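Asks: sequence plus predicted model, see below.
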Amino acid sequence: MTYPYLILGKEREETMDKFFKLTEKGTNVRTELIAGVTTFMTMAYILAVNPSILSASGMDSGAVFTATALASALASFAMALLANLPFVLSAGLGLNAYFAYTIVLGMGYTWQLALTAVLCEGIIFIILSLTNIREAIFNAIPQSLKIGVSVGIGLFICFIGLQNAHICVGGSTLVTVFSFSGSLKEGTFNYEGITVVLALLGILITAFLVVKGVKGGILIGILVTWLLGILCQLLGLYVPNPDAGFYSLIPSGVVSAPASIAPTLFKFDFGTAIAHPLDFFAMLFAFLFVDLFDTLGTLIGCASKADMLDEEGHLPEIRGALLADSIGTVAGSCLGTSTITTFVESSSGIAEGGRTGLTSIVAGGLFALSLFFSPIFLAIPSFATAPALIIVGFMMMQQVTRINWDNDLIEAIPAYITIFAMPFLYSISEGIAFGMISYAALHIAAGKAKKVNPLVYVLAVLFVLKYIFM
């Protein structure tokens, strides 16, 4: 293996090996570099999506872009240094929509108040992480549900990929397959239909590379699909239509100056929070609840995929991971973005062999670089990253065989409920909620209540109360 030495020099590689325990975890610098780049490529869309969503609340989109990139980098670095895990963080989807569309546009509060709620959420989570409460919740989740969470996330990110590629679209049956004939009749084929074709080709290309065991196959699949798209644009087969959300695949430049972060930096509103304590607590609780179980679900799923859980289903570095997540949220709120959380797309880097914090360092470094090379990163189309999510979904699905489907139905049925709830309800946290409630209820009904960790019942009750009152 000479390639890593050419990049870093033998001495530096040995230092990194010792610091990140690369050999101990069965990886090397080259693998971690590829894993970090792959994870970033599948997450880069958040740099375009988050400013678009939060700007609806009145926030400056340029400042949000800068805040998102900086917070993602800082949180990912924290994950590497505090937990040495290959998880990458950024502004959570769903939480940013709740921020903009529910709190600001729906409830009529300012985005400054919403940022204040995010800050308080992050501070509370830091306290919970230091006092082992979040770790205890993670460890209380039964092993069968942890496997179910991993499999459910696999289906969930596959569904996200299918939607991003427009292979799966809305219809009279809620979801249906994209219609090529309809696209030709409506005149949308040269910007939407062709990207669906490219995404399907990307899935086949990525699958072929994975089958052949090509190192970095998922990343290569993203790049090849993107290059095919650029070729189609140059040949006139793909015609950008910004009004419909289909932009040029060719970067508008290479280097750009970062937008000022001043419009969102430390813009909190504690006065309104004190004046309306009940409303503020409601929005704070929503942020807390969704972030807590989204993060736990992602950590469980990705750690299971990478075989990082011990024999009891615990993640040894869980405290550092949860603390990094909390620190990211506090930093993000100060900079001017919504809740920072561990991204499920981290599984794409794990699928490439990423096992240490070096993967997070690489991805975080690319987030920082994106401040100066935003034209390149923002040109990566969703149809190019969608195949990666779909193939990674397949890889995470493989763990379904670890569930005892025949001889332990009281464990298997809650796992099954967890699995289908995540993609069908479009939420990791809802999948965990349904799984925990069914797990507790079935064990009580079967007279096996004493075999269950008491914290499972506490969580199940809290989930039920959440559905009643929220």
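Replies: Sure, I can see it. Since this is a predicted model, take the numbers as computed values, not measurements.

Asks: so which helix or strand takes in residue 47?
Replies: With the criterion set as DSSP states H and E, the secondary-structure element containing residue 47 is helix 46-54.

Asks: give the other helices and strands that that helix contacts.
Replies: With contacts defined as 3 or more C-beta pairs under 8 Å, 6 or more residues apart in numbering; DSSP states H and E, the secondary structure elements packing on helix 46-54 are helix 61-83, strand 89-91, helix 95-97. Bear in mind the C-beta positions are built from the backbone N, C-alpha and C, glycine included.

Asks: hang on, residue 20 packs against residue 359?
Replies: No. Because the distance of 9.1 Å does not satisfy C-beta atoms under 8 Å, residue 20 is recorded as not touching residue 359.

Asks: the more surrounded of those two?
Replies: When neighbours are counted by other C-beta atoms under 10 Å, residue 359 comes out ahead of the other of residue 20 and residue 359, with 35 against 23.

Asks: rewinding a little: now the helices and strands packed on helix 46-54 as TSV including mean neighbour count and mean pLDDT?
Replies: Compiled in TSV, these are given as follows (neighbours: other C-beta atoms under 10 Å; pLDDT from 0 to 100):
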stretch	mean neighbour count	mean pLDDT
helix 61-83	25	95
strand 89-91	31	94
helix 95-97	21	80
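
Asks: ok, which of these comes nearest residue 106?
Replies: Relative to residue 106, the nearest member of the helices and strands packed on helix 46-54 by C-beta to C-beta is helix 95-97, separated by 10.6 Å.

Asks: any idea how many residues pack against residue 114?
Replies: As a burial measure, the neighbour count of residue 114 was computed by other C-beta under 10 Å and equals 28.

Asks: pLDDT below threshold where in the stretch 51-200 of the chain?
Replies: Low-confidence segments of the stretch 51-200 of the chain, defined by pLDDT under 70: none present.

Asks: double-check that residue 341 belongs to a helix.
Replies: No. The assignment for residue 341 by DSSP: H, G, I helix; E, B strand; the rest coil gives strand, which leaves it out of any helix.

Asks: count the residues that sit near it.
Replies: Around residue 341 sit 25 other residues, with neighbours defined as other C-beta under 10 Å.

Asks: returning to what we had before: name the residues contacting each of residue 20 and residue 359.
Replies: Taking C-beta atoms under 8 Å, 6 or more residues apart in numbering as the contact rule, residue 20 and residue 359 both touch 32, 80.

Asks: would you mind measuring from residue 420 to residue 137?
Replies: 23 Å (C-beta to C-beta, to the nearest Å).

Asks: more neighbours: which of those two?
Replies: When neighbours are counted by other C-beta under 10 Å, residue 420 and residue 137 differ, and residue 137 comes out ahead with 20 against 15.

Asks: check contacts around the more buried one.
Replies: Residues touching residue 137, when contacts are defined by C-beta under 8 Å, 6+ apart, comprise 292, 296, 455, 459.

Asks: change it to 6 Å
Replies: Neighbour list for residue 137: empty [criterion: C-beta atoms under 6 Å, 6 or more residues apart in numbering].

Asks: so how far is residue 307 from it?
Replies: From residue 137 across to residue 307, the span is 22 Å (C-beta to C-beta).

Asks: what is the orientation angle of the helix holding residue 47 with helix 61-83?
Replies: Between the axes of helix 46-54 and helix 61-83, defined by axes from the mean of the first three to the mean of the last three C-alpha atoms, to 10 degrees, the angle is 130 degrees.

Asks: and residue 175, what helix or strand is that in?
Replies: strand 174-177.

Asks: helices and strands around the next helix or strand after that strand, which ones?
Replies: Scanning the chain past strand 174-177 towards its C-terminal end, the next helix or strand to appear is helix 180-186 (assignment: DSSP H and E). In terms of contact count using 3 or more C-beta pairs under 6 Å, 6 or more residues apart in numbering; DSSP states H and E, helix 180-186 is assigned no packing partners among helices or strands.

Asks: give me the contact list for helix 180-186.
Replies: Counting contacts by C-beta under 6 Å, 6+ apart, the residues outside helix 180-186 that touch it are 189, 192, 193.

Asks: what's the nearest residue to the last one if we skip its chain neighbours?
Replies: In this case it means residue 193. Nearest residue to residue 193, sequence neighbours excluded (C-beta to C-beta, 6 or more residues apart in numbering): residue 183, at 3.7 Å.

Asks: cool, residue 58 as well?
Replies: What sits nearest to residue 58 in space, not counting adjacent residues and going by C-beta to C-beta, 6+ apart, is residue 111, at 5.6 Å.

Asks: need phi/psi at the one you found.
Replies: As for residue 111, its main-chain torsions (degrees, to the nearest 10) stand at phi -70, psi -20.

Asks: and the gap between it and residue 355?
Replies: Counting by C-beta to C-beta, the separation of residue 111 from residue 355 is 38 Å.

Asks: what's the answer for residue 215, then?
Replies: Using C-beta to C-beta, residue 215 is found at 14 Å from residue 355.

Asks: between the two, which is the more surrounded one?
Replies: For residue 215 against residue 355, the residue with the higher neighbour count under other C-beta under 10 Å is residue 355, and the figures read 25 against 12.

Asks: so what's that one up against?
Replies: Applying C-beta under 6 Å, 6+ apart to residue 355 gives the contacts 25, 27, 86.

Asks: sec struct for it, please.
Replies: Following three-state DSSP, the label given to residue 355 is coil.

Asks: for the one 3 residues further on, same thing?
Replies: Following three-state DSSP, we place residue 358 in the helix state.
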